[in-house]
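Enquirer: Structure for this input, please:
(one chain, ligands or ions: 2)
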Amino acid sequence: MSVSVYSHLKTQIISCIDEMLTIEAIRGCPCEELREKIEENTFNLVVVGQFKRGKTSLINALLGADILPVAVVPLTSIVTIMKYGEALRVNVLFNDGRTAEIKPESLPEYVTEKGNPKNIKDVSEVVITYPSPYLKDGVRLIDTPGVGSIYEHNTDVAYQYLPKSDAVLFLLSVDQPMSMAELDFLKDVREYSSKIFFLLNKADYLNERDLQESIEFSKGVLKETMGADVRIFPISARLALEGKVSGDGDMLKKSRLPEFSEVLNRFLIEEKGRVLILSVVNSLLRILSQARFELELEIKSLSTPIDELQKKISVFETKKQEVLLEKRDFDILLDGETKRLTVDVLDADITKFRKELIAQEQVHLEEQFARSKSLSSKELKAALEQMIIEHVRQAFNIWRAIEDDKLAKAFEAICRRFVVKIDDAVDSLLNFSSDLFEIPYEAIKTEALWSTKSRFYYKFKEQPGGIEIAASSLMLALPKFIGDKIILKKMQDYLIRAIDLQLGRAGNDFEERIQKSKLDFMWEMLRRIEATIEGISTAIEKGMAQRSRGEKEVEETKQALLEMSQKLNETGNRLMQIKEQAV
Ligand SMILES: Nc1nc2c(ncn2[C@@H]2O[C@H](COP(=O)(O)OP(=O)(O)OP(=O)(O)O)[C@@H](O)[C@H]2O)c(=O)[nH]1
Ligand SMILES: [Mg+2]
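Expert: Ligands and ions are numbered 1, 2, ... in the order given. Next up, the predicted model:
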């Protein structure tokens, strides 16, 4: 499936949903939710690499516009997220939770090392919306600061976005052979992300023979680290951008970016797009199938003799009670499972992270202390304090992103198991009623929805909340030789306090999110059992109520119901066609 097919199927599905929403026999809510899922699906691409490999240039090239600042010196210092929007707009998010919209021209004042040295402006990330067709189907491009430059603080920032990536674009460039630091970074990237594409940028510097040599060299080095042969895509971000901006097709082709783009898109669609389409279509077919069953039941109860109908209703009642009991069991089980997630996973991770971070930062603190002998007490205190705040913040941002991903996966695994069980309960109720009232019912499995990476229930926090650490209150009125020792001791206490405060917050935040995700899931899933029971009961009641009216009215109702059923079939056929195109 290509991007354009994906895009086309997506539009078709949305139009089917709109159609379904006009049919009286379908209750609106689940359809709306499915529409949201398909409309909000994103493909997150994170661009990483050593400084100056051309990450930012690549993003400009993919967009075909000179939006992000590029330079010959280490530049990008802040993560920038590009996503689709009707107009070019730039929003800056700060570590303390503030946001501000800025003019696009002011971008360098926030995202570059020069305009915002050492991130004195305390920016956490920048979000840019732009009407590029490339972003239209939910692609998000994430630019990260280069690792390994003299600006150490830039390095860590790059890590935070890896866990949520669908693919990582790892940039190498022909003008700098691969370094040890690059390989170390790659080892980390490998830990956090499941798919890495390797790009060898600035191919325009070399002739074809030298380029091949450069590719072979990188391949050899990468094979060792990755444990297998990897494909390397030579590209020229510069030529690609120039080609796109000037409309020079030959130049674009020469840049070889289109070749890579195609492979990348195919991967994204196969991996995520197709599964999403199939699962949404299956869910819609399921809704249709159930609605059709209820319609037929209503038609049936228009004509079945009353006492026969009443006997059947009382048999149905018994089954209904059984299913409701089962539903209560699900409630209790799910509650237990999520509690276990909090205790076994989250609490254990917090304890481990705390221990490691305290040990690591105590070493840093002592090193910094030894280096700062010449400072006055006041300066010493300020320097140590600033270091603690910076380090703790960095460490937390990274840990939080990884933990978030881990919890999301664990939570979805729980959901997956329950969905299968709940589907079975609903199907058993429908199959039972199908036998009882002698009406066909076609059960459609929706499992595919849960075998995807798309996280439907776990509440991701889009923006990590600000990390604020209050300065320590410490008297400095002691003589320097005693004072410095006391400062170190006080700063050690401060470090632990800062870590514990952050951990307390992060822990609560995670727990709350697991709880909310659970409630959401429970509500939606268990509601399906109730909706099924209600649907069946209502259909019978409606049919029975109609019978007291004249024969002519009954016939008219029957006709209207048959027409509605016909509409359901038509939409069902359209969905089946979509499904065929997607497999
Ligand atoms: N010749 C050539 N130069 C390129 C190409 N891509 C990028 N450059 C140049 O390489 C330099 C670095 O490009 P950037 O895009 O800023 O690199 P970066 O990886 O984002 O750098 P940091 O943000 O500092 O990590 C700039 O001078 C670019 O013009 C290319 O394909 N060919
Ligand atoms: Mg850059």
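Enquirer: for residue 441, phi and psi?
Expert: According to degrees, to the nearest 10, the main-chain angles of residue 441 amount to phi -140, psi 130.
Enquirer: wait, what's in contact with it?
Expert: Contacts for residue 441 were tallied using Cβ atoms under 8 Å, 6 or more residues apart in numbering; they are 289, 293, 430-431, 433-434. Every C-beta, even on glycine, is put in place using the N, C-alpha and C of the backbone.
Enquirer: cool, residue 320 as well?
Expert: 429, 533, 537.
Enquirer: That one: what secondary structure?
Expert: With DSSP: H, G, I helix; E, B strand; the rest coil as the basis, residue 320 sits in helix.
Enquirer: swap in residue 230?
Expert: coil.
Enquirer: what about it, how many residues close to it?
Expert: Close neighbours of residue 230, defined as other Cβ atoms under 10 Å, add up to 16.
Enquirer: hang on, the earlier thing: pick out whichever of the contacts of residue 441 sits closest to ligand 2.
Expert: Taking Cβ to the ion as the measure, ligand 2 sits nearest to residue 289 out of those, at 51.3 Å.
Enquirer: Not counting sequence-adjacent ones, nearest residue to that closest one?
Expert: Distances taken as Cβ to Cβ, 6 or more residues apart in numbering place residue 442 nearest to residue 289, at 5.1 Å, with adjacent residues excluded.
Enquirer: That neighbour and ligand 1: what is the separation?
Expert: Remark: distance between residue 442 and ligand 1 (Cβ to the nearest ligand atom, to the nearest Å) = 54 Å.
Enquirer: State the phi and psi torsions of that residue.
Expert: Main-chain dihedrals, residue 442, degrees, to the nearest 10: phi -110, psi 110.
Enquirer: Next SSE downstream of the helix or strand harbouring residue 340?
Expert: According to DSSP states H and E, residue 340 maps onto helix 306-340. Per DSSP H and E, helix 306-340 leads on to helix 348-371 as the next helix or strand towards the C-terminus.
Enquirer: what about that following helix, distance to the chain center?
Expert: When C-alpha coordinates are averaged (Cα atoms, centre = their mean, to the nearest Å), helix 348-371 and its chain have centres 31 Å apart.
Enquirer: Check which residues of that helix are buried.
Expert: Judged by neighbour count using 16 or more other Cβ atoms under 10 Å, the buried positions of helix 348-371 are 349-350, 353-354, 357, 361, 365, 368-369.
Enquirer: What helices and strands are in contact with whichever helix or strand comes after it?
Expert: The C-terminal neighbour of helix 348-371 among helices and strands, as given by DSSP H and E, is helix 377-437. Helix 377-437 sits against helix 152-159, helix 274-303, helix 306-340, helix 348-371, helix 480-547, with contacts defined as 3 or more Cβ pairs under 8 Å, 6 or more residues apart in numbering; DSSP states H and E.
Enquirer: And the residue nearest to residue 116 when sequence neighbours are not counted, how far from residue 53?
Expert: Leaving aside its sequence neighbours, residue 116 sits nearest to residue 110 (Cβ to Cβ, 6+ apart; 5.4 Å). With distances taken as Cβ to Cβ, to the nearest Å, residue 110 is found 22 Å from residue 53.
Enquirer: got it, and residue 7?
Expert: Spatial separation of residue 7 from residue 53 under the definition Cβ to Cβ is 31 Å.
Enquirer: go on, residue 10?
Expert: 34 Å.
Enquirer: returning to what we had before: neighbour-wise, which of residue 7 and residue 53 wins?
Expert: Under the neighbour definition other Cβ under 10 Å, residue 7 and residue 53 were set side by side, and residue 53 has more, 26 against 16.
Enquirer: how near is the more buried one to ligand 1?
Expert: Using Cβ to the nearest ligand atom, one gets 5 Å for the distance from residue 53 to ligand 1.
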